[in-house]
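> Need coordinates for the following:
(2 chains, ligands or ions: 2)
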Amino acid sequence: MAKRIDCSDVNIYYGDFLAVENVTVSIEPRSVTALIGPSGCGKSTFLRALNRMHEVIPGARVEGKIAMDGQDLYGPDADPVAVRRQIGMVFQRPNPFPTMSIYDNVAAGLRLNSKKLKKSDLDDLVERSLRGANLWNEVKDRLNRPGSGLSGGQQQRLCIARAIAVEPDVLLMDEPCSALDPISTLAIEDLMADLKDRFTIVIVTHNMQQAARVSEQTGFFNLNGVGQPGRLIEFNPTEKIFSNPDQKATEDYISGRFG
Amino acid sequence: MTATKATTERRPRRPVRRRGDRIFAGSAQGAGILILVILAGVAAFLVIESLPALTAPAEEIPGGEGVGAYVAPLLFGTLLAAVIALLVATPLAVAIALFVTHYAPRRLAAGLGYLVDLLAAIPSIVYGFWGIFWLAPKLVPFYRWLEENLGFVPLFAGPTSATGRTMLTAGLVLAVMILPIISAISREVFQQVPTLHREAALALGATRWEMIRMAVIPYGKSGVIGGAMLGLGRALGETLAIALVLSVSGGITLNLISSGNPSTVAANVALEFPESSGLDINTLIASGLALFLITFAVNMLARWIVNRRADFSGAN
Ligand SMILES: Nc1ncnc2c1ncn2[C@@H]1O[C@H](COP(=O)(O)OP(=O)(O)OP(=O)(O)O)[C@@H](O)[C@H]1O
Ligand SMILES: [Mg+2]
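Numbers count the residues shown, from 1 in each chain, chains lettered A, B, ... in the order given. Ligands and ions are numbered 1, 2, ... in the order given. Okay, the predicted model is just below:
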């Protein structure tokens, strides 16, 4: 079920380097939240902190509180593995497992979560996830071929199918369309519109039109200069951000008067 | 216009190539051909020199029953020792490589990798002495135990060798010798697994071990097989360590812990050669030819195994 995420006073470090400073924000369930901002301002870093993928990098750590429906994700007894099962992620570059077939890629997360699935149930779930990712018709005849043999856009949708197969509460997407053509991009945007009934979606994007098209809420990150931490400058309904933002910096960035 | 068209049609169009490219392609091709020439030379030598033994009447071959009967136990011993070595060393090497690349703290990992690599620099005669004087006596009580408790398995039927210089000991010494090769190569391929794939597994909620099973091992599999083949090559060809460790008497047997063991091709050549002349030498060379063919076949088999699932190798 879709869940809300509340962050308060979140600081994110790579070793001694403070990459993101003092973020306080609430992400609504059953909606799409877009994160925009210039390169290097910490959007990916923040996104990865939400499902505890940040700490995978040696020396990286997170301070502050991040809670999902009140459950503290960084609490003393929160298990990062369990957190990642609840909060799925799609990366900027499509990353299907090259050693697995299309079918096994989608089934990978299911097999982790519940080892004892019947073959027929697994088949159903794989089909449902591939349909959910708008990929079924293109791959149904070659489910046993390697996932790396698909086009970039198909691979990205395969990764989405893999992520939604385990029915996470939240889906994080880091520039999922940046390597895709306009048609694949549109397919994925349509998909987000479908998926947001069931999931909370957070998407990082450099494409303003995309943020405007798909999201309900938008957060604008910025940084004062190289080596400075990124900050959440403004977080508001998307309509407001794109028509009448509170901050001058937001308006400058959106209208391209940036720098 | 028409003229150019005609010429392009007549001969297949050659892509434009720069000089640097041509030089590089040429030298690479040269190196490839050189390997083939050397290999062909060795094969030709082996065939020509074994022909007298292959065509001689059976009684004149040492043992008196023909080349086949002379070579068969040697080949069997060679393969048996190498298989034991491979079965012991491969899992251990993979485990070490995984530990070094994914579990050990970074400083410990570097030191440990270095230590294992050092094993490769020890000359095989040292392994031989280590096998005879240290390992073999230490293993005797263990062999006794095996005979008493698992004696119904033909492998451990006994009677236990009093010196411990058995096929199993030889296999274990070989395992230690090939361990650094396999683990160095496995370590290398495990380190090459793209972060992207590892993070894909972790983001699905895989534990570290599940991530290793999903992303690291499948990606590194062909490399591990390649490393195991190199190790196998060394195990098949090892001479001194086996010649020292293995107590030889008797023919083909699966009994791993008794004192009656078949020798191996390489060790037998080393031991027999100084006192051989004439047809005996041709017979020894024939055993070398047999080993050469077997090694070749094993490598082809490994290639085939790796290529069978080339689409899934992760190389694309
Ligand atoms: N693995 C890392 N180790 C150290 N510093 C890092 C690492 N990854 C990112 N950073 C730093 O953290 C800051 C934020 O990076 P991040 O990748 O989050 O930016 P971003 O907003 O996603 O940029 P982009 O839009 O280009 O993807 C940058 O200064 C970057 O150099
Ligand atoms: Mg980024």
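> drop to CA atoms for contacts and neighbour counts, all remaining ones
Noted.
> May I have stretch B:135-150 exported as PDB, CA atoms only?
Coordinates of each C-alpha in stretch B:135-150 appear next as PDB, following Å, rounded to 0.1, in the frame of the first residue of the first chain:
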ATOM      1  CA  LEU B 135      51.400 -32.700   5.400                       C
ATOM      2  CA  ALA B 136      51.600 -36.400   4.800                       C
ATOM      3  CA  PRO B 137      52.400 -37.500   8.400                       C
ATOM      4  CA  LYS B 138      49.800 -35.100   9.700                       C
ATOM      5  CA  LEU B 139      47.200 -36.700   7.500                       C
ATOM      6  CA  VAL B 140      47.800 -40.300   8.500                       C
ATOM      7  CA  PRO B 141      45.500 -40.200  11.600                       C
ATOM      8  CA  PHE B 142      42.800 -38.600   9.500                       C
ATOM      9  CA  TYR B 143      43.200 -41.300   6.800                       C
ATOM     10  CA  ARG B 144      42.900 -44.000   9.600                       C
ATOM     11  CA  TRP B 145      39.700 -42.300  10.700                       C
ATOM     12  CA  LEU B 146      38.400 -42.300   7.100                       C
ATOM     13  CA  GLU B 147      39.200 -46.000   6.700                       C
ATOM     14  CA  GLU B 148      37.500 -46.900   9.900                       C
ATOM     15  CA  ASN B 149      34.400 -44.800   9.500                       C
ATOM     16  CA  LEU B 150      34.000 -44.500   5.700                       C
END
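> Got phi/psi on A:Thr24?
A:Thr24 has phi and psi values of phi -130, psi 120 when expressed as degrees, to the nearest 10.
> ok, for it, nearest residue in space, not its chain neighbours?
Spatially, and ignoring its direct neighbours in sequence, A:Thr24 is nearest to A:Ser8 (4.2 Å; C-alpha to C-alpha, 6 or more residues apart in numbering or on different chains).
> Okay, now the unreliable bits of chain B?
Of all residues in chain B, those with pLDDT under 70 make up the ranges B:1-12, B:309, B:313-316.
> What's the local residue count around the residue in it that ligand 1 sits nearest to?
With C-alpha to the nearest ligand atom as the measure, the residue in chain B that lies nearest ligand 1 is B:Thr195; the distance is 10.9 Å. Neighbour count for B:Thr195, taken as other C-alpha atoms under 10 Å in any protein chain shown: 13.
> before we move on, the earlier item: you'd agree the residue nearest to A:Thr24 is up against A:Lys65?
Yes: counting by C-alpha atoms under 8 Å, A:Ser8 sits close enough to A:Lys65 to count as a contact (5.3 Å).
> ok so, going back, that's a strand at the residue nearest to A:Thr24, yeah?
Yes: secondary structure assignment (DSSP: H, G, I helix; E, B strand; the rest coil) places A:Ser8 inside a strand.
> OK, contacts around it?
A:Asn22, A:Val23, A:Thr24, A:Val25, A:Gly64, A:Lys65, A:Ile66 (C-alpha atoms under 8 Å, 6 or more residues apart in numbering or on different chains).
> Which strand residues bridge the second one?
Here A:Val23 sits in beta bridges with A:Val10, as judged by DSSP bridges.
> Phi, psi for the residue of the stretch 101-250 of chain A found nearest ligand 1 please.
Ranking the residues of the stretch 101-250 of chain A by distance to ligand 1 (C-alpha to the nearest ligand atom) places A:Gly227 first, at 6.2 Å. Backbone geometry at A:Gly227, expressed as degrees, to the nearest 10, gives phi 90, psi -10.
> just A:Ile36 next, same as before
Per-residue torsions, A:Ile36: phi -120, psi 170 (degrees, to the nearest 10).
> what's the answer for A:Glu63, then?
Comment: the main-chain dihedrals of A:Glu63 come out as phi -120, psi 160, following degrees, to the nearest 10.
> how near is it to ligand 1?
15 Å (C-alpha to the nearest ligand atom, to the nearest Å).
> residues touching that residue, list them.
For A:Glu63, the contacting residues are A:Asp9, A:Val10, A:Asn11, A:Ile12, by C-alpha under 8 Å, 6+ apart.
> want to throw those residues into CSV with pLDDT?
Written out in CSV, the entries for the contacts of A:Glu63 read as follows (pLDDT from 0 to 100):
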residue, pLDDT
A:Asp9, 93
A:Val10, 94
A:Asn11, 95
A:Ile12, 95
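> which one of the residues you listed sits closest to A:Met53?
Relative to A:Met53, the closest of these is A:Ile12; by C-alpha to C-alpha it sits at 12.0 Å.
> Give the helix, strand or coil label for the closest one.
Each residue gets one of three states, and A:Ile12 gets strand by three-state DSSP.
> Please apply the same query to B:Leu34.
Note that with three-state DSSP, the state of B:Leu34 is helix.
> Quick one: neighbours of it, just the number.
The number of residues packed around B:Leu34, counting by other C-alpha under 10 Å, is 12.
> my guess is B:Leu98 meets B:Val189, correct?
No: at 10.2 Å, B:Leu98 does not count as touching B:Val189 under the criterion of C-alpha under 8 Å.
> Can you list the residue ranges for strands in the stretch 51-200 of chain A?
Shown for the stretch 51-200 of chain A, the strands assigned by DSSP state E, counting those that start in this stretch span residues A:60-68, A:71-72, A:87-90, A:170-174, A:200-204.
> can I get those strands in JSON lines with mean pLDDT?
As requested, the strands of the stretch 51-200 of chain A are exported to JSON lines (pLDDT from 0 to 100):
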{"stretch": "strand A:60-68", "mean pLDDT": "93"}
{"stretch": "strand A:71-72", "mean pLDDT": "90"}
{"stretch": "strand A:87-90", "mean pLDDT": "94"}
{"stretch": "strand A:170-174", "mean pLDDT": "94"}
{"stretch": "strand A:200-204", "mean pLDDT": "94"}
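> which one of those is the most hemmed in?
Across the strands of the stretch 51-200 of chain A, averaging neighbours per residue (mean count of other C-alpha atoms under 10 Å in any protein chain shown) puts strand A:87-90 on top, at a mean of 29.
> which stretches of the chain form helices?
Let's take chain A. Counting by DSSP state H, chain A has helices at residues A:43-50, A:80-86, A:102-113, A:119-132, A:136-139, A:152-165, A:182-195, A:208-214, A:238-243, A:248-254.
> wait, chain B
Here chain B has its helices, by DSSP H, at B:2-10, B:19-55, B:66-98, B:106-119, B:124-129, B:136-150, B:167-191, B:195-203, B:208-211, B:217-237, B:240-245, B:265-272, B:279-308.
> Out of the ones you listed, which gets nearest to A:Ile241?
For these, proximity to A:Ile241 was assessed by C-alpha to C-alpha; helix B:195-203 is nearest, at 30.7 Å.
> Which positions in that closest one come out as buried?
For helix B:195-203, burial by neighbour count (16 or more other C-alpha atoms under 10 Å in any protein chain shown) applies to B:Leu196, B:His197, B:Arg198, B:Glu199, B:Ala200, B:Ala201, B:Leu202, B:Ala203.
> Which members of these additionally contact chain A?
When the buried residues of helix B:195-203 are filtered against chain A using C-alpha under 8 Å from any C-alpha of the partner chain, the residues retained are B:Leu196, B:His197, B:Glu199, B:Ala200, B:Leu202, B:Ala203.
> neighbours around the closest residue to the fourth one other than its chain neighbours, how many?
Spatially, and ignoring its direct neighbours in sequence, B:Ala200 is nearest to A:Asn95 (6.6 Å; C-alpha to C-alpha, 6+ apart). A count of nearby residues for A:Asn95, using other C-alpha under 10 Å, gives 23.
> No more questions from me, cheers.
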